[in-house]
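J.: Output the structure for:
(chains A, B, C and D)
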Protein chains: 2
Amino acid sequence: MPSPAKRVTIREVADAAGLSPAAVSYALRGMQVSEETQERVRKVASELGYEVHPIARALASGRTGMVGILGPSLEDLWQQRLAAEAGRALLARDRFALILDAGGDPERQRLLAAQLRDQQVDGLILSPIDPSDGFWIELADSLAVVSIGDALTGADAAGEVLFDNRTGVTGALEHLHALGHRRIAVLSPPGAPTTDRPAEVLVASESERLGLDVFMVSAAYELEQATDVAREALRSERQPTAAFCFSDSIAYGVYAAARELGLTIPDDLSVIGYDDHPISALLAPPLTSFDWNSDRLIDAAVGMTLAAIEGRRGRRRLVIEPQLQSRGSTAAPRH
Amino acid sequence: MPSPAKRVTIREVADAAGLSPAAVSYALRGMQVSEETQERVRKVASELGYEVHPIARALASGRTGMVGILGPSLEDLWQQRLAAEAGRALLARDRFALILDAGGDPERQRLLAAQLRDQQVDGLILSPIDPSDGFWIELADSLAVVSIGDALTGADAAGEVLFDNRTGVTGALEHLHALGHRRIAVLSPPGAPTTDRPAEVLVASESERLGLDVFMVSAAYELEQATDVAREALRSERQPTAAFCFSDSIAYGVYAAARELGLTIPDDLSVIGYDDHPISALLAPPLTSFDWNSDRLIDAAVGMTLAAIEGRRGRRRLVIEPQLQSRGSTAAPRH
DNA sequence: TCGTTTCAGTGAAGCGGTTCACTTAACCAA
DNA sequence: TTGGTTAAGTGAACCGCTTCACTGAAACGA
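T.: Reported below is the predicted structural model:
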């Protein structure tokens, strides 16, 4: 099939316009040359059907116009959505997104990030990473990096969009406490959100304050694995009456496990998610979850990335407050 | 932040190895030069920490190593999943995926495709397109294009992965017919699957054969819009007892609409989806849907793309048989 | 009028590879 | 010995654009 289309080069436009290639290059970017010349060049260029060759431009300028979006696992619906929407937002700003995931492997995530930095992208949007890993700090020093969900302390990051997890955790546990729950399982993904401090610490201090019997379980984003973990947790002798999940995807795993075990939600088990994915409201019962205002979040992340790339300075940090969407998956425990 | 890392060039490797850059270039690609030289070059290169510069390579060779994945809308969970998994599969083969969506606008989809062709990618994987649009035929002539879901008749496409929609449609309608349904709404996305012939025709002929009262409704992939359309359809005076959706995402919209209207699934309304997304089994009731063996499908699509790019010839067409996953969302109509 | 700025535009050197045409030396058969 | 092959490398011309240092002319102030 390949019969690469013939291409109009800047040289031809220059000849047609009676200018040097340099002038055309400047004109098309609205720099340097006079207004009239710019206009004329644009006209000639469009007549000739000229389009810049991004590869050549990238080689010459050292900028590709691409932004990488790299998360631990695209199996997580929240990350899928983040990637899709950020990709769209970038497209609207004339940039392409390179969407990658690490398949759940942190080592691989580092590898991919390094590859992206060295070779292709101007900026990088990272959804959850391990902030204690020095690699990310270094990375942020050599590239416009925006981290979503984790603070890159000590790095000169292009931006951070953080979740107010303290409010989230407190809100979830108080909600369950108010309903009468005392034994609660908390399922968190590998490398849980840690804006302020590790999730474990946050959960521990809050549960102590409220007098709850909470135990944490480490889960994975992948539905199947999340289900396995949830099954274990529900079967344990701790007999939780509620599960609080740091990701809606994990909550879906809890739903699946509960169904297998013949537990009814919310009668036998209350469930709280964390991302409020649109699908969550459609489950039966609809999942109680936190709305983090995705649009704002994504906007901010993209905005910070571009600002850094384009050398504008602006706000570099946004902490998002969650909004508890209380729905059918939480209720008073039956007994 | 940007302090672009210093980069080792092929020139330096050549000097260190006492060879010409050309020799190094060949050696690293395992061509032309002797085994020993290749080995030596590899060693020197890794000692120096050399890595090829993909942009430079792309400019010189005319190949970027990237594959575009372009669908009508990433709001559709099926497309999201397709993109994510194909992206992962490509990554495993040392290629990057450029994942884009057209936000539901066919015109925009063409535009993006043209942009990708002209400028960046070696191959393109398209999930549903409008096969009657000549643009795609032309595109397939100038680029390795693999179409998923629609036949590119008349084009020298790199590949086609098609759904056996005849079996799917027949299966769905027969399933509903056997349960006793007679009035059925069929919700199809804009540009429904058309492997053999337009979905409408397929549906019409089958419903006639079975003596069904079927009406088609055009829906969108986006949850909110799908819900609106479903609400209309369920309220219509045709009073369907079942809905057959050409996408699980649309089925989710039907669930949402049914809940709003106080209809119980499956008692008041049976629902069939088409993609069997993992989430579908978690809805309540679990959605009856078709399993198209996504892994095989994605594998095939990626394989065909790469085969075409790399000039290998192989199988260029795969028709996938659906497997009906009968679950709780379909049952005999109440009255 | 002269020296100095400013403006508009030019030339050429890259960016870091790939590839084509060509050389050189070794090898072989007659 | 000679002519013909072949294998292993080399040189240099690109790929298409950006950018830096520079020029020439016009504009300006004194």
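J.: Nearest residue to the middle of chain A?
T.: With distances taken as Cα atoms, centre = their mean, A:Ser127 lies nearest the centre of chain A, 3.7 Å away.
J.: Remind me which helix or strand A:Ile125 belongs to.
T.: Element membership for A:Ile125, per DSSP states H and E: strand A:123-126.
J.: Now the next helix-or-strand element following that strand: average pLDDT?
T.: Toward the C-terminus, strand A:123-126 is succeeded by helix A:134-142 as the next helix or strand (DSSP H and E). Helix A:134-142 comes out with an average pLDDT of 87.
J.: and helix A:134-142, what does it pack onto?
T.: helix A:106-119, strand A:144-148 (3 or more Cβ pairs under 8 Å, 6 or more residues apart in numbering or on different chains; DSSP states H and E). C-betas here are computed from N, CA, C, even on glycine.
J.: same thing but at 10 Å, please
T.: helix A:106-119, strand A:123-126, strand A:144-148 (3 or more Cβ pairs under 10 Å, 6 or more residues apart in numbering or on different chains; DSSP states H and E).
J.: any weak-confidence spans in chain A?
T.: Flagging of chain A using pLDDT under 70 yields the residue ranges A:1-5, A:191-198, A:335.
J.: try 80
T.: Residues of chain A meeting the criterion pLDDT under 80: A:1-6, A:32, A:103-104, A:118-120, A:131-132, A:190-200, A:335.
J.: can you map out the strands along it?
T.: A:66-71, A:96-101, A:123-126, A:144-148, A:159-163, A:183-188, A:213-218, A:242-245, A:270-272, A:289-291, A:317-320, A:323-325 (DSSP state E).
J.: Report the contact partners of the nearest residue to A:Leu70 once chain neighbours are set aside.
T.: Distance criterion Cβ to Cβ, 6 or more residues apart in numbering or on different chains; nearest residue to A:Leu70, sequence neighbours excluded, is A:Leu100 at 5.0 Å. Neighbour list for A:Leu100: A:68-71, A:74, A:83, A:108-109, A:112-113, A:115-116, A:124, B:84, B:87-88, B:90-91, B:96-97, B:99 [criterion: Cβ atoms under 10 Å, 6 or more residues apart in numbering or on different chains].
J.: What subset of the residues you listed is buried?
T.: Among the contacts of A:Leu100, those scoring as buried are A:68-71, A:74, A:83, A:109, A:112-113, A:115-116, A:124, B:84, B:87-88, B:90-91, B:96-97, B:99 (criterion: 16 or more other Cβ atoms under 10 Å in any protein chain shown).
J.: How about the residues of the stretch 151-300 of chain A by chain B?
T.: A:155-158, A:222-224, A:227, A:249, A:251-253, A:255-256, A:259, A:265, A:277-286 (Cβ under 10 Å from any Cβ of the partner chain).
J.: from these, which ones fall inside helices?
T.: A:223-224, A:227, A:249, A:251-253, A:255-256, A:259 (DSSP state H).
J.: Tell me which two in these are the farthest apart.
T.: A:Ser249 and A:Arg259 (16.1 Å; Cβ to Cβ).
J.: Pick out whichever of these two has more residues nearby.
T.: Each of A:Ser249 and A:Arg259 has its neighbours counted (other Cβ atoms under 10 Å in any protein chain shown); A:Ser249 has more, 30 against 16.
J.: now the residue of the stretch 101-250 of chain A found nearest DNA strand D: how far from B:Leu306?
T.: Nearest residue of the stretch 101-250 of chain A to DNA strand D (Cβ to the nearest atom of the strand) works out as A:Asp122 at 12.1 Å. Distance from A:Asp122 to B:Leu306, counting by Cβ to Cβ, to the nearest Å: 27 Å.
J.: A:Gly62 too?
T.: 29 Å.
J.: of those two, who's got more company?
T.: Between A:Gly62 and B:Leu306, counted using other Cβ under 10 Å, B:Leu306 has the larger neighbour count: 22 against 11.
J.: circling back: show the buried residues in the residues of the stretch 151-300 of chain A next to chain B.
T.: Applying 16+ other Cβ under 10 Å to those, the neighbour count classes A:155, A:157-158, A:222-223, A:227, A:249, A:251-253, A:255-256, A:259, A:265, A:277-286 as buried.
J.: Going by proximity to DNA strand D, name the top residue of the stretch 201-335 of chain A.
T.: A:Gly311 (12.0 Å).
J.: For that residue, grab the count of nearby residues.
T.: 8.
J.: Can you pull the phi/psi pair for the residue of the stretch 101-250 of chain A closest to DNA strand D?
T.: phi -90, psi -30 (degrees, to the nearest 10).
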